[in-house]
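Undergrad: Mind folding the following:
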Amino acid sequence: MDTTAPRGRFAFLIHPRTDPTEDLALVHPLLGLIPARVCESAMRRLPLRPWVQATVEAVDRPGEVLGDVIALPVSPTLLLGEDRALVAKRIDQAIDLAVSRGATVLGLGALTAPATAGGAKLRRRTDIGVTNGNAYTAAETASAIERIARGLSHPPVVALVGANGSVGTAVARTVARAGVAEELVLVGRTPAALAALAGDLGGTWSTEMAACRRADVVVLMTSATGAVLTADHLKPGAIVLDDTQPRNSSPALATERPDVTILDGGIVSTPGLIRRGYPIGIAPDASFACLAETSLLALAGHRGHGTIGRPSLDQVDRMRRLATRFGHLGFDLADPTSFGRPIAVAGWTGSTHRPAAQRSTPNGAVA
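TA: Numbers count the residues shown, from 1 in each chain. Sure thing, here's the model as predicted:
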């Protein structure tokens with residue numbers, strides 16, 4: 001591996017997630033004492049500016065900063081709300097900070113991607129390349145589905161919630177190409193797009209979450225700001241892969257349905273990337289898949305925009321090749337966790353524990 005080849009420098013945007021005070025407490029414990037509504041009001045009304053939450057370096061070039069994680073003072077409600085001018089201003093301020101620190105590629109974390117139409121609204125920025133991280137996110141989500149399927153006793157029915165979205169469409173096409181599912185159930189909000197995708201892939205589609213009741217594996221990939229999955233949407237023994245930030249599943253669901261396995265999605269093991277600074281809500285030796293894509297593009301010295309809008313299968317495959325190229329730094333699915341706690345999953349961890357997924361018949365009855 002040539003560790004002397006020219007590299008770029010990245011910046012990756014994050015923001016407080018479901019409860020702003022919980023994430024702000026990572027910066028300083030006293031900030032965690034501020035009521036969420038006060039934080040929300042301050043973010044809306046005060047001239048707050050983005051800040052550097054952490055820096056990242058690769059272990060094969062110690063002392064050389066590979067990138068910055070930049071936090072925006074905006075909540076999920078603000079990002080997907082009606083004050084588009086405020087959101088655009090805060091994002092531009094973050095990009096200006098990134099450029100001033102030498103960034104050549106910018107990654108869009110969490111809801112900054114849907115807030116910018118998957119990065120399309122940032123094509124105007126010619127001073128930095130932009131990627132929404134969805135190509136590698138789709139690649140790793142598809143890999144997780146393949147590993148889960150490998151540990152089951154039969155090819156699963158897989159429901160993809162948010163299937164007509166940027167990540168969801170790429171995941172659907174990647175999983176269909178791999179041939180690991182007995183059936184794909186595509187769930188989303190746009191009937192025409194769902195019908196077209198289902199027609200291409202030979203799956204079924206629905207705009208109702210109730211369609212998940214037939215699925216052995218349910219994958220969440222929406223841009224919703226809270227839980228969208230309830231106990232009534234799941235068959236006995238179902239496996240849920242939550243690939244969203246903020247999460248679309250809640251710990252209460254695990255309590256209510258102990259027969260269901262809920263897994264954290266979109267997490268990549270990157271032990272060769274060292275973060276210094278404040279925590280970002282994930283283990284130090286791991287990255288969100290969209291952060292990993294941004295890191296990979298910087299490592300490869302990429303110039304220009306990366307993934308904008310919906311990733312193609314070619315883009316998914318390219319990110320997999322880059323992950324292999326820089327495999328000495330990690331870039332593989334992280335060991336499975338459920339709400340941050342390690343969990344054994346057959347086919348993924350090599351354990352003998354099999355989640356209790358059961359086959360369902362077309363009418364929804366358990367066979």
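
Undergrad: Make sure Val240 is actually in contact with Val218.
TA: Yes. Look at Val240 against Val218 with Cβ atoms under 8 Å: they come within range, at 4.9 Å. The way it works is simple: take the backbone N, C-alpha and C, and place the C-beta from them, glycine included.

Undergrad: Give the residues shared as contacts by those two.
TA: When contacts are counted by Cβ atoms under 8 Å, 6 or more residues apart in numbering, Val240 and Val218 have Leu229, Leu234 as shared neighbours.

Undergrad: roughly how far apart are the residue nearest to Ala215 when sequence neighbours are not counted and Pro336?
TA: With Cβ to Cβ, 6 or more residues apart in numbering as the criterion, Ala215 has its nearest non-adjacent residue at 3.6 Å, and that residue is Ala159. Shown here: Ala159 relative to Pro336, a distance of 19 Å by Cβ to Cβ, to the nearest Å.

Undergrad: Compare those two (neighbour count), which wins?
TA: Legend: neighbour count by other Cβ atoms under 10 Å for Ala159 and Pro336, higher for Ala159 (31 against 22).

Undergrad: what's in contact with the helix or strand harbouring the more buried one?
TA: According to DSSP states H and E, Ala159 maps onto strand 157-161. Around strand 157-161, the neighbours that count as contacts under Cβ under 8 Å, 6+ apart are 145, 149, 168, 171-172, 175, 181-188, 209, 211-212, 214-222, 228-229, 248, 359-360.

Undergrad: Mind jotting down where the helices sit in the stretch 101-250 of the chain?
TA: Counting by DSSP state H, counting those that start in this stretch, residue ranges of the helices within the stretch 101-250 of the chain are 112-115, 134-150, 166-178, 191-201.

Undergrad: Centre-most residue in the protein?
TA: Here the mean C-alpha position of the chain is nearest to the C-alpha of Gly266 (Cα atoms, centre = their mean), at a distance of 4.5 Å.

Undergrad: other SSEs contacting the helix or strand bottoming out on mean pLDDT in the chain?
TA: Ranking every helix and strand in the chain by mean pLDDT, DSSP states H and E puts helix 20-24 at the bottom, with a mean of 80. Under the contact definition 3 or more Cβ pairs under 8 Å, 6 or more residues apart in numbering; DSSP states H and E, helix 20-24 sits against helix 36-45.

Undergrad: Break this structure down into its domains, please.
TA: Structural domains of the chain, as assigned by automatic domain parsing, span the residue ranges 10-135+267-333, 138-266+335-342.

Undergrad: Quick one: end-to-end distance for the longest one.
TA: Right, the one you point to is domain 10-135+267-333. Using Cα to Cα, to the nearest Å, the end-to-end distance of domain 10-135+267-333 comes to 21 Å.

Undergrad: For that domain, what is the distance to the chain centroid?
TA: 11 Å (Cα atoms, centre = their mean, to the nearest Å).

Undergrad: Touching, Val167 and Ala138? I think so.
TA: Yes. In this structure Val167 lies within contact range of Ala138 using Cβ under 8 Å: 5.3 Å.

Undergrad: Between these two, which contacts overlap?
TA: Each of Pro311 lies in contact with both Val167 and Ala138 under the rule Cβ under 8 Å, 6+ apart.

Undergrad: mind checking the SS state of Glu56?
TA: Quick fix: residue 56 reads Val, not Glu. strand (DSSP: H, G, I helix; E, B strand; the rest coil).

Undergrad: Contact partners for it?
TA: For Val56, counting by Cβ under 8 Å, 6+ apart, the contacting residues are Phe10, Val65, Leu66, Gly67, Asp68, Val69, Leu273, Ile274, Arg275, Arg276, Ser295.

Undergrad: pLDDT value on it, please?
TA: Looking at Val56, its pLDDT is 98.

Undergrad: How about it: what's its closest non-neighbour residue?
TA: Counting by Cβ to Cβ, 6+ apart, the nearest residue to Val56 once its immediate chain neighbours are dropped is Gly67, at 4.6 Å.

Undergrad: would you say that neighbour is within a strand?
TA: Yes. Applying three-state DSSP, one finds Gly67 inside a strand.

Undergrad: what are the bridge partners for it, then?
TA: In this structure, Gly67 has the following beta-bridge partners (DSSP bridges): Phe10, Val56.

Undergrad: which residues sit in contact with it?
TA: Contact partners of Gly67, counting by Cβ under 8 Å, 6+ apart, are Arg9, Phe10, Ala11, Phe12, Thr55, Val56, Ala103, Thr294, Ser295, Ala298.

Undergrad: what distance separates the start and the end of stretch 206-226?
TA: 20 Å.

Undergrad: chain center to it, what's the gap?
TA: 16 Å.

Undergrad: Out of the contacts of Gly67, give me the two with the largest separation.
TA: Greatest spatial distance among the contacts of Gly67 (Cβ to Cβ): Thr55 and Thr294, at 13.6 Å.

Undergrad: Comparing the two, which shows the higher neighbour count?
TA: Set side by side, Thr55 and Thr294 show more neighbours around Thr294, with 35 against 15, by other Cβ under 10 Å.

Undergrad: which residues in the stretch 201-350 of the chain form strands?
TA: 204-206, 217-220, 239-242, 261-264, 267-269, 273-277, 286-288, 332-333, 337-338, 341-342 (DSSP state E, counting those that start in this stretch).

Undergrad: What is the three-state secondary structure of the nearest residue to Asp23 once chain neighbours are set aside?
TA: In space, Asp23 comes closest to Pro16 once its chain neighbours are excluded; the distance is 4.1 Å by Cβ to Cβ, 6+ apart. For Pro16, the assignment made with three-state DSSP gives coil.
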